[in-house]
Structures are given as C-alpha cells and as structure tokens.
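A.B. asks: My questions are about this predicted structure, shown below with the sequence.
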Amino acid sequence: MSKKSKILEKKPEVKPAKPKFSLQPYQRNLLTFGLVFILLLILFSSMAFQGLRPGGVDVIGSRGANHQRTEFQQETGETVLWNSPVFSGMPIYHRLGGRVFSADTFIAKTVGKVLYLYIWLYLIGFIGMFYLLRWLKLSYWSAVFGGLAFILIPHFTSLLNIGHFAKFRPIIYMPLVTFLFLAYFNRKNLLWLCGFILAFSVQIRTQHYQIIFYQILILVFIGIYLLIQFARRKEYKTLVGKLLLTAAASVLIVIMVAQPLFVTSEYTPYSIRGGTGEAESTGLSLDYATSWSLHPAEMLIWLMPRFFGGISGELYTGSKVPQLKDRIIPGYWGTMPFTQAYDYVGILIFFLALLGLIFNWKNGLIRTLLILFAVSLFLSFGRHFPLLYNLFFKYVPAFNKFRVPSMISAVMQFIMVIFAGFGLNSLLKFSSENKRKLKKSILVIAAIFILLGTIPFLFSSSFSLQKEGDTQQYNLQQLEVIKTARLDMMQSDGLRLILFTIVIYLVLYLYLNQKLKKSILISLLFILLLLDQVPYVKKAEGELYDLEKMEQTHFRQTDTDKFLERDESYYRVFAITENPFNSNDWSYHHNSIGGYSAAKLRIYQDILENCLYDQRNPRNILNWNIIKMLNNKYIISRQQLNVDKLELVYQDKRAELLVYKTVFDVKPAWFVNTYKVFPERDKRLMALNDIAFDAYSMAILESEPPFAIEQPDSSYVEVAEASFNHISYDIFTDKPSLLVVSEIYYPAGWKCYIDEVETEIFKTDHILRSVFIAEPGTHQVEFRFSPDRFNRLTRIALAGHIILYLVFFILILLHFVKKRRSAAE
C-alpha cells in the first residue's frame, strides 16, 4: 500500500465518552440544604413531629404574664398595649413587633405554620454561615462544615430550652447579615445592598438590642477593614460611594424598624434599663449589669462543659455517687449567680479554629476578627476585667442598659466557627511546602488540649468545688456528696477531652501522611463533629413538653383561684408564697402587684426596693399605705400571718394556701383631703414610709398643682369599666378636688378625659395617677392608653418596607431587561 493511500485511509470513529453525572453549583447547594434540613428533622424530631416544645422558666413566665391579654385579644380583636395583670399594670406595646409584612412575618405565617419555626431558623443559620464562608473563598466542604458547626453550638439550643427566643433569633441571623454586608461592600450590584437592608432590619425587629449591638460591632470591625482595603488600593471614589450607600441604607433600615426601635427608646427611660433612679443615672447599676460576668478560668468550659459543674440544674450520670445517679443536682459552682446554658464550643471546632488562625494569619480579615474576638473576650469578663468594661459602660451609647457580659460569647462562638472553616480549608488544600508546619501545629494543639484535660486529675485538690452560699444551703455531709459529683463530672469531661483530642490528632496525622484520602478525612471530621456536638445539643434541648397540657397543669385553677374569682369587684392580689417578683404565676388568673420583667418600670422598682416592706416594724410585714395605694385586697401565703391588718378568709388545704383579706377597705380610686409636694425622689419615698402618711387622705405630688384643692363633704367613685387599654369611673364630688386612681403612672401613652374633655394627669404618690376635678357634680372620668408614637411609627415602618420592596422590584426588572438585551445582541 502506498504512503498516500495510508494517509487517506479512514480512521475508526471514536465515540465521545459519556459525561459523568454532575450537579450545577446551585443544585449541589440546594441538595446540601435539603440534607441539612433532614438532619435537623432527625435531631429535633420531637419538636418537628410530636409537637413538643421547650418549656423553660421563661416560657412559663411568658404564659403567666400574657394569658389574660391573649384571651382578651382573641375575644375582642383589640391589640393590648398595656398589660394590667403584671406589676399592677405595665406597658407591653414596646415589645410588639411592627405590624408590617417583612421576611420574618412571611416565614412565620407560611412555613412556620407547617413546621416548628425554630427549625427553619436553624436552617437559615446554616445557609447564612455556608454562604459567608463560600464568599470568603473557602471550599465547598469547609463551608458545609462551618454551617453545621454553627448550628450545632449547644448554647443556641440552650436559649430555646430556657425560653430566650428573642435572643436566639438575632444570633442565628448573624452569619446571613454578615455575609450580605460583605457581599454588598464587594459588589456593585445594588440587589446585595437591598438584601442586607432586609436581613438586618429583620434582625433588629427581634428586639434583642444587646445582640443587635454585638452585630453592629461585627459590622463596624469588618467595615473598617474593608474601607482600609479600598484606601490602600487608592479606590477613593469607591470608598466614598460605599460610605454614602451605607449611610443611605442605615437611614432606610431605621425607617423600616422605626416601630419597634423608637417605641423601645420611648419606654426605656421609664424602665429599670433607663437608670437606677438616682440623679444623672441613665442605665443599670454596674453591679447589677455585671452579675453574669465570665471569669477567665471559666473559659475552660469551651472545651470541658462541666468543668464548673455544667448548668445549675445538671443531670448527673456518673458512677462515683450512686445515690445521685440520673438525678438533677446543683451542678454549677462558678462565679455567676446561676447558669442555664452550656457555653461549650466543641473540641473539634476549637482545634480547627486554632489551625485556621495559624495558617491564615496573613489574611487581614482573620486579623480583624481576632481583634474583635479579643475585645469580646475582655468585655465578657465584665467585673473581672473592669478596665475595658467600665470604659464601655460609661462612654459607649446604650451599653449601660445591657446586662450579662457573658452574653457576648455568641460573637466569640461565631468567630471561632469562621476560624474553624478556615482551618479545615487549610487542611484540604495543604501542600508539601506547609506539610511540616501543619504536622507541628496539630501536635502542639493536641498537646495543649491533652494538658488541659489533665487539669481535673492533677489539680483536683486545688478546686473548692463549691459555690458561694453552698455552706448555708447544705450541711457538710450533703455538700461533700455534691462536691464529689462535681469533681466526677469535671474529670469525665477532662478524660473526654483527652480521648477526643487523640482521635482528632490521629485522623489528621494519617491524612497529612497520605494514609487517608481527602474524602475519608472529610467524612471522619463530619462524624467527629456530630459525635462531639450532638450529645450536648440534646442535653441543651432539655425536656420538651406539650405546651397546652403543661399550661393546663401548671396553671390549673385551684380552690384559691375559684374563691378569689367569686369577688367580682376590681382589686389586686399579692402572693407572698415564693419570690413574688420572680414569677408571673399569679398574673395568669388575677391582677397581681407582683410579677417578673427584666425591664419593669423604674418607679415601681423604687417602691418594691424602698417602700413595700415595713422595715421599721417587722410585725407589720408590709407598708399598708402601699397596699392601699395598689388596691391590694387579698394576700396569699403558705404560712400563717399574725397581723392585725389582715383577716383569714379562706383556707385551701389541697394547695396549702391561706387567703387573707385586709381589714380596711381598699379602693380603686379616691378623693384626697390635702397634698404635699416633694420634687426629690428620695423625699417622696421617705414620705410614703412616714407613719403619719395616710394614702387615702393625702397625696404626694412632684410639683405644686395650678389649682386649689378642697376636701369634699360628699363624694363617691365607682369603676364603670375596666379593661387593658381603658378604665373609666363614675364619680361625684361636691367641691373642686383631686381624684387619685390606683393605676400606674406612665405619661407616654395614658390620656385622661373628663366628660370627653382631655385633662392633665399628675404623677402622684410616686407611682399613681391623679386628675383635678374642677367642676363639682357627677362626671365620667376615662383613661385611655393610646401611645401616639406607636401608631405613628408603625405607619413609618410600613412606608420603609414599601420603599425597599419597590427598589427590589425595579432592580430585578432592570436586571432582566439588561439580560434580555445582552441575549438579543
């Protein structure tokens, strides 16, 4: 065959290889989200499928405080803005979310109706962290790991268990808000900016302003870093543009959250968060604010959750104290008053976080986050590191209204998860150049962790293992048993740390020596993450309840309740059974002068601290003038009260309760004969304690009234109608006189009308209201709670949302128009 014919010879046709099945990035992401959702359904199956819910003390407290107003709203359709059954009445309008259609309301009213809302929020937390890490150029698996690590932080589940839902929500939004902020700063597309505005406004609407402050701290640190990068690249035009856009975005966000943000700012000065009552005080007292400060030694909890005994009510499962096995014991013995949440970070997360920090040290964002971590850590120390905390407390706006310094641990956990994502990313992309450094690093970290794990064994005799007050609460024998159990838990966690560290080290060592494939490493690390975190997530989840059944059981009507309900007059009760100002139980069925709120009215707190209890005469127990002022007709006790001002009217043997009635008639409103003026707070409180003072004949005012008051010869007052936002009286007086009503003074919303003509309300007896009846005769006096700011700001917030939705619509429309034009060309 010739050469030419060989060239022309037809070659056999080679069929192209069939492409292997592969997913588009968005498809892979959706599949990942679906798998994580399934994991959440398995992890929280009782909440997902059995309808069980956390039933912590705050859940119970909320049910007690809100039962009557919820029933009223369902019956009438009227929104309750003033909650009468708690603390003789206090505002609640500042806790109501803006009545606008936002992303959070959409989720709650759609998928939140199908499945427990907080499972969806966990998914949002995962998605936010996943996209944040992907934006930071981490590998797919590193981002998935980081997303899982974030939602498996036990502290977050603890928040659900104890009923701190308003704290859980803004924390779970942190990654999403941070991601959208970074994306908007690094992209010219305004849709990212709109996404950030929407996400941050939703986070603010959760109304946990301390967590919002921490989020702003994160954004400020990252924002400064990004602006410095623009300046270094001499992109001054971009820098100025981003600053202007950020300012515009901030304005729109403020408009969108005007209600509840500015409603809260209206209420705060009147609450205990607005000052101690002393002159020039604008916030909490420093001692109260720093009660829950993290002691530096308690950082060991990040690796050994029961190093200081776990939570205050810890389930003991050890074997060294058989009589306590599977029983709840007083576990926590640290420096805080008590704790209900696990601040455990996780051994694997911490290990990888340190790796991420070491191998990404040159990354400016990592350094920025490390500085933020250090600031957060020192702030969390609170009273244990007053230098920084006191500086913030005195000079940073709003900071003196925050309490629980250890709450900022949420920021540190957020940062550690980011570092852990970087750590895994460094492992997955290691090269021969940094292999030696990686080996050395994992060895050093493992050695440190193992040494920390030996502390409970080597230094067991150095720990007191007891909390302040334990010696008064338990006898020596009981305390020794408890201390033995506490040491057992500490040593169990120490051993757990050692074993987990060894396993992590071996896995990484084998991988770095190419004995394990990358896919095997990823699988093993995910398994270790679940083994490490899930047991404490389940512990943090605690016992779950059918809330309706729990409510019926906890608040089951007693014979005492039935007896009190037979009295149809308008009055209040005071239960001195347990701590009356740490429970809302009696507010469930009755109007109570007690209750619980972390932001009660300052003037009411003044009375509780200074006037309610008669300190001059222990036999009296109570200051009867305060009892009169608050229209307190019945006092409930578990013990017999030998007081001449009270008579026993009912004995509930089943509930072991005694019901006492005041021997004097209490009144919902009354005319006084005279008044005294005390502008100074301390003098007013002293006057209320004065033995010569009689609340039904004398009024204590803050300023001289612009009218003459006479003592009526003939008068009467009757409650015509009493509701949450409204109370009216039919009255008669034969002379111009001052009518004092047993309702709490709050000038920001209450208005008074005499025969439909608005009149001034005077602050009286430090906590009550009074009005001047100028014309003798019969009148109707009506009080209505209608805060102008609430209604006005709700409309403003609605306008802000409409503006954002319009901008969104226009930008999306322009995007599609541009895309169509490009396709046509």
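C.D. replies: All right, it came through fine. Numbering: from 1, shown residues only.
A.B. asks: Tell me the pLDDT of Lys6.
C.D. replies: At Lys6, the model reports a pLDDT of 45.
A.B. asks: quick one: Phe338 and Leu357, what's the gap?
C.D. replies: Separation of Phe338 from Leu357 (C-beta to C-beta, to the nearest Å) stands at 33 Å. Every C-beta, even on glycine, is put in place using the N, C-alpha and C of the backbone.
A.B. asks: what about these two, which has more around it?
C.D. replies: Neighbours were counted for Phe338 and for Leu357 using other C-beta atoms under 10 Å; Leu357 has more, 23 against 13.
A.B. asks: For the more buried one, give me its contacts.
C.D. replies: 366, 370, 419, 422-423 (C-beta atoms under 8 Å, 6 or more residues apart in numbering).
A.B. asks: among the residues you listed, which ones are buried?
C.D. replies: 366, 419, 422-423 (16 or more other C-beta atoms under 10 Å).
A.B. asks: Same list (these) but as a markdown table, adding secondary structure, pLDDT and distance to Gln207.
C.D. replies: Shown next, in a markdown table, are the buried ones among the contacts of Leu357 (DSSP: H, G, I helix; E, B strand; the rest coil; pLDDT from 0 to 100; distance: C-beta to C-beta, whole Å):
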| residue | secondary structure | pLDDT | distance to Gln207 |
| --- | --- | --- | --- |
| Ile366 | helix | 98 | 32 |
| Phe419 | helix | 99 | 30 |
| Phe422 | helix | 98 | 33 |
| Gly423 | helix | 98 | 35 |
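A.B. asks: For Leu657, state which of these is nearest.
C.D. replies: Phe419 (55.1 Å; C-beta to C-beta).
A.B. asks: what's the distance between the spatially most central residue of the chain and Ile211?
C.D. replies: In the chain, the centroid-proximal residue (C-alpha atoms, centre = their mean) is Lys167; its distance is 2.6 Å. According to C-beta to C-beta, Lys167 and Ile211 sit 6 Å apart.
A.B. asks: what's the answer for Thr317, then?
C.D. replies: From Thr317 to Ile211 the distance is 32 Å (C-beta to C-beta).
A.B. asks: These two - which one has more neighbours?
C.D. replies: A count of neighbours by other C-beta under 10 Å puts Ile211 above the other of Thr317 and Ile211, at 25 against 13.
A.B. asks: hang on, the earlier thing: check the contacts of Leu357 and tell me the two furthest apart.
C.D. replies: It's Leu370 and Gly423 that sit farthest apart of these, by C-beta to C-beta, at 13.4 Å.
A.B. asks: Contacts for the helix or strand that contains Leu30, please.
C.D. replies: Secondary structure from DSSP states H and E places Leu30 in helix 25-43. Helix 25-43 has contacts (C-beta under 8 Å, 6+ apart) with 23, 48-49, 119, 122-123, 126-127, 130, 140, 144, 147-148, 151, 534, 537-538.
A.B. asks: just checking, next helix/strand downstream of it?
C.D. replies: helix 45-49.
A.B. asks: Return the helix holding Leu30 as PDB; C-alpha atoms alone will do.
C.D. replies: This file holds the C-alpha atoms of helix 25-43, laid out as PDB (Å, rounded to 0.1, in the frame of the first residue of the first chain):
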ATOM      1  CA  PRO A  25     -23.300  24.600  41.900                       C
ATOM      2  CA  TYR A  26     -26.800  25.800  42.800                       C
ATOM      3  CA  GLN A  27     -28.200  22.300  42.500                       C
ATOM      4  CA  ARG A  28     -25.500  21.000  44.900                       C
ATOM      5  CA  ASN A  29     -26.200  23.800  47.300                       C
ATOM      6  CA  LEU A  30     -30.000  23.000  47.300                       C
ATOM      7  CA  LEU A  31     -29.200  19.300  47.800                       C
ATOM      8  CA  THR A  32     -27.000  20.200  50.700                       C
ATOM      9  CA  PHE A  33     -29.700  22.400  52.300                       C
ATOM     10  CA  GLY A  34     -32.100  19.600  51.900                       C
ATOM     11  CA  LEU A  35     -29.800  17.100  53.600                       C
ATOM     12  CA  VAL A  36     -29.200  19.600  56.500                       C
ATOM     13  CA  PHE A  37     -32.900  20.100  56.800                       C
ATOM     14  CA  ILE A  38     -33.400  16.300  57.100                       C
ATOM     15  CA  LEU A  39     -30.600  16.200  59.800                       C
ATOM     16  CA  LEU A  40     -32.500  19.000  61.700                       C
ATOM     17  CA  LEU A  41     -35.700  17.000  61.500                       C
ATOM     18  CA  ILE A  42     -33.900  14.000  62.900                       C
ATOM     19  CA  LEU A  43     -32.100  16.000  65.600                       C
END
